[in-house]
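K.L.:
Here is a sequence with its predicted model. Questions after.
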Amino acid sequence: MYKKNAKKNQFRDALVECMRTKNFTDITISDLSRVSKVSRVTFYRYFSNTTDVLEYLCDSLFEETDGIDELKISREDSFVVSLLQYLMERSDLMGAIYRSRRIDLFERSMARHVNEVSLSMLPDLSPLELEYIKAAYTAAFSAGFGAVISVWAKNGKKESPEDILRIFKNDLIHQ
């Protein structure tokens, strides 16, 4: 079992490395095999294409969040700060995801792995309304956090999660 994850992680890490010098769409399976030092045959045991590796990268970003109480979605500032801190600690992975221009994969991973919106936060809604609210909430958060982490990384990773929250609330929301 550990070997399987280790090989998958080697391809994930190779993707991140390749994306430092190439656009995601230009990265080939041969590139990933060369950088990871793992054969193409092994690649096809775990993945069908490079997009599968990118999706695995997104999933691996969130695999630890299920048991973290601070990362249960809420309207509290503490949730935003905790999620920003979590993503900032993984800025190399976030940067690769954002550069790939496949934020949709990040959004799907976030929807699968981050605890769902608390029903107590929402008014009484029909099942259809609830489905749309949850989808919109996840899409807005994933796109917003992807963009924030990208700008933060480009600007030298100077601000704390609290600084980012303050900037977001004061400068973006209250313009």
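P.N.:
The structure has been received and is ready for your questions. Numbering: from 1, shown residues only.
K.L.:
Would you map the helices across this structure?
P.N.:
Counting by DSSP state H, the chain has helices at residues 2-18, 29-36, 40-46, 50-62, 77-88, 91-100, 103-113, 127-154, 161-167.
K.L.:
which stretch in the ones you listed is the model least sure about?
P.N.:
In terms of average pLDDT, helix 127-154 trails the rest of these, at a mean of 73.
K.L.:
How far off centre is that helix?
P.N.:
In terms of C-alpha atoms, centre = their mean, to the nearest Å, the centre of helix 127-154 is found 11 Å from the chain centre.
K.L.:
which strands and helices sit next to it?
P.N.:
Packing partners of helix 127-154 (3 or more C-beta pairs under 8 Å, 6 or more residues apart in numbering; DSSP states H and E): helix 77-88, helix 91-100, helix 103-113. (C-beta placed from N, C-alpha, C; glycine too.)
K.L.:
Any chance you could list what contacts the shortest one?
P.N.:
So that's helix 91-100. Applying C-beta atoms under 8 Å, 6 or more residues apart in numbering, the contact partners of helix 91-100 are 15-16, 19, 23-24, 54, 57-58, 60-61, 87, 103, 105-106, 146-147, 149-150, 152-153, 157.
K.L.:
Could you chop the protein up by domain?
P.N.:
For the chain, automatic domain parsing gives the domain ranges 2-52, 59-173.
K.L.:
Now render these as JSON lines, adding mean neighbour count.
P.N.:
Putting the domains of the chain into JSON lines (neighbours: other C-beta atoms under 10 Å) gives the following:
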{"stretch": "domain 2-52", "mean neighbour count": "15"}
{"stretch": "domain 59-173", "mean neighbour count": "15"}
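K.L.:
Identify the residues contacting the residue lying closest to Cys58 once chain neighbours are set aside.
P.N.:
In space, and not counting its chain neighbours, Cys58 is closest to Ser109: 3.7 Å by C-beta to C-beta, 6 or more residues apart in numbering. Contacts for Ser109 (C-beta under 8 Å, 6+ apart) come out as Glu55, Cys58, Asp59, Leu61, Phe62.
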